[in-house]
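A.B. asks: Build me a model:
(one chain, ligands or ions: 3)
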Amino acid sequence: MPIFARSKTISIVNLIVDIGNTIAKVALFDGETMVNVIYDSNQSLDCLESICIEHPVEQGIVATVIDLNECVSERLRKLPIPLLWLDKDTPLPVINLYETPDTLGYDRMAAVVAAHEQFPDRNILVIDAGTCITYEFIDSEGQYHGGNISLGLQMRFKALHQFTGRLPLVDPQGRSLDLGKDTETAIRAGVKKGIEYEISGYITAMKHKYPELLVFLTGGDDFSFDTNVKSVIFADRFLVLKGLNRILNYNNGRI
Ligand SMILES: Nc1ncnc2c1ncn2[C@@H]1O[C@H](COP(=O)(O)OP(=O)(O)O)[C@@H](O)[C@H]1O
Ligand SMILES: CC(C)(COP(=O)(O)O)[C@@H](O)C(=O)NCCC(=O)O
Ligand SMILES: [K+]
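C.D. replies: Ligands and ions are numbered 1, 2, ... in the order given. Next comes the predicted model:
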């Protein structure tokens, strides 16, 4: 049973549902302010009913990057509030230049919407480190150009184990070196340093092209960086949720 953080009496308006490949995030927003977030299974989403009983939710938005099973679909359908299903036809507060809007993962769009709302006149790189690591670029005119999709942290450990004969499945936590000294540290360094250098490489290359570039880092996985990269990063774990909330408010009255 999910635990709700007790807070001051609030006039909850928005339910935000972000269904990723690993986990679902369900948040409550009072206007622009996130007042609660719950991590739930993307196969059951059993927190939904209690949320709408415990809080005066008036409307919601759903973004999913997976096909929903019948249980989750039914739970969403049964909610006593109007739901905006984010897809290629949803009006957005930015310009979508992605050439295949029908295959775009709208978690990626939500992340850049939130970053652009905070810094509307800047060129921004958004890095979302979750199941996959995605790199999104939105320019100072509010045009989302797209970006790149790479393997996430867990995916890299699983791939090294699954697609080789003898490599073990290594845990991200544990002895971490720059250069491995045994099988476990070799794999852990290969994955974690590989991600760090990949991210640093993107930032260096993009900043060369856009000297005033801003960088956001979001997603469920945390990374340690060397200082010269860390200094230019805004870390915001809830960027996608904030972007979904912005898109929902942008569509007020149209749901
Ligand atoms: N409660 C959690 N359950 C599952 N994974 C988690 C959790 N908290 C952090 N993580 C880490 O976050 C990653 C998922 O990040 P997130 O961006 O939330 O997922 P998604 O890709 O499903 O949107 C996982 O790879 C895992 O390493
Ligand atoms: C790239 C993603 C898998 C990232 O999903 P996540 O890591 O958040 O689970 C998702 O955005 C997706 O399924 N995208 C579809 C392909 C595209 O965006 O072009
Ligand atoms: K995500």
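A.B. asks: how about the closest residue to ligand 3 within the stretch 1-150 of the chain, phi and psi?
C.D. replies: Of all residues in the stretch 1-150 of the chain, the one sitting closest to ligand 3 is residue 130 (3.9 Å; CB to the ion). Yep, even glycine has a C-beta here, placed from its N, CA and C like the rest. Phi and psi for residue 130, reported as degrees, to the nearest 10, are phi -130, psi -140.
A.B. asks: check contacts around it.
C.D. replies: Residue 130 makes contacts with 20-22, 152, 219-221, as judged by CB atoms under 8 Å, 6 or more residues apart in numbering.
A.B. asks: Setting aside sequence neighbours, what's the nearest residue to the closest residue to ligand 1 within the stretch 51-200 of the chain?
C.D. replies: Distance from ligand 1 to each residue of the stretch 51-200 of the chain (CB to the nearest ligand atom) is smallest for residue 130, at 2.4 Å. Of all residues beyond its chain neighbours, the one nearest residue 130 is residue 219 (4.1 Å), with distances taken as CB to CB, 6 or more residues apart in numbering.
A.B. asks: So which of the contacts of residue 130 wins on neighbours?
C.D. replies: Each of the contacts of residue 130 was scored by neighbour count (other CB atoms under 10 Å); the top score is that of residue 219, with 26 neighbours.
A.B. asks: any idea how this protein splits into domains?
C.D. replies: 1-85, 88-254 (the TED database).
A.B. asks: rank those by pLDDT, which is bottom?
C.D. replies: Per-segment mean pLDDT for the domains of the chain reaches its minimum on domain 1-85, at a mean of 90.
A.B. asks: quick one on the thing from earlier: contacts with ligand 1 among the contacts of residue 130, please.
C.D. replies: Among those, proximity to ligand 1 is found for 20-22, 152, 219-221 (CB under 6 Å from any ligand atom).
A.B. asks: In the residues you listed, find the pair that's most separated.
C.D. replies: Checked with CB to CB, the ones next to ligand 1 among the contacts of residue 130 reach their widest spread between 21 and 221, with 12.7 Å between them.
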